[in-house]
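Colleague: Fold the following and give me the result.
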Amino acid sequence: MPLLLPDINTDVIAPAHAGRGDLARSAFAPLRYLPDGSRNAAFALNQDRFRGAPVLLAGANFGCGSSRETAVWSLVALGFRCVIAPSFSDIFVGNCFQNGVLPIVLDEVTIAELGDEAVGGDPMVVDLTEARLTSPRGRVVPFVVDPARRAQLLEGLDDLALALRRLDQVRAYEASDRRRRPWVYEIARAG
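Modeller: Here you go, the predicted model:
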């Protein structure tokens, strides 16, 4: 689904007044609904051809604003599993990976071209294993994703699960740190 507007902030993606109720219904409310509460037919999410689309093409600075994790929860509730934009808020990117959403950074020209191809609602394929996407017309576009984050998504892990995989290294560090700075552990025990 193309939504090539710049600076879509987390307050637009997940309005604060909506709370944790129906995240899918309240997502993008300022854009989806007219002042009288009726649906804005011009907004892509209200068009049948984009309903349930797993890929969102967005404008620059997507996910800016507050650190509201419900913004990503709202995207997931709508069925999005990947957001492609020229730039994102750092906190938004972290929230994406924590919630199984792949944020991809591509240049504005490529995103505009992909938006033109996607306007009919034809599918785009995102291959995380190969780090490439295939446009509706068959154009292959490589993308870059941090290898640890890639593995995290492919294996369905959050940051805690990743840390637990390194538990032996954490314990070894604690043991060496305890030898170097025993007073820290004495204070922690006393508190």
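Colleague: Tell me which stretches of this structure form strands.
Modeller: In chain order, the chain shows strands spanning 2-3, 55-58, 82-85, 102-105, 125-127, 132-134, 140-142, with DSSP state E as the criterion.
Colleague: Among the ones you listed, which comes closest to D116?
Modeller: Across those, D116 has its closest neighbour in strand 2-3 (8.2 Å, Cβ to Cβ). In this view, the C-beta of every residue, glycine as well, is placed from N, C-alpha and C.
Colleague: and that closest one, what other elements does it pack with?
Modeller: For strand 2-3, the packing partners by 3 or more Cβ pairs under 8 Å, 6 or more residues apart in numbering; DSSP states H and E come out as strand 55-58, helix 108-118.
Colleague: neighbours around the closest residue in space to R81 that isn't next to it in sequence, how many?
Modeller: Here the nearest residue to R81 in space, its sequence neighbours aside, is P54; by Cβ to Cβ, 6 or more residues apart in numbering that works out to 4.6 Å. In terms of burial, P54 registers 16 neighbours under the definition other Cβ atoms under 10 Å.
Colleague: How about G65?
Modeller: Taking other Cβ under 10 Å as the neighbour definition, G65 ends up with a count of 18.
Colleague: mind checking pLDDT for it?
Modeller: Reading off the confidence values, G65 has pLDDT 88.
Colleague: Check the one 10 residues further on too.
Modeller: The predicted local confidence for L75 comes out at a pLDDT of 96.
Colleague: Where does the prediction get shaky in the chain?
Modeller: For the chain, applying pLDDT under 70 flags the ranges 17-21, 188-191.
Colleague: re earlier: switch the strands of the chain over to TSV; also include mean neighbour count and distance to I187.
Modeller: Formatted as TSV, the entries for the strands of the chain read as follows, by neighbours: other Cβ atoms under 10 Å; distance: least, Cβ to Cβ, whole Å:
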stretch	mean neighbour count	distance to I187
strand 2-3	20	51
strand 55-58	24	47
strand 82-85	24	44
strand 102-105	21	40
strand 125-127	14	49
strand 132-134	17	51
strand 140-142	13	50
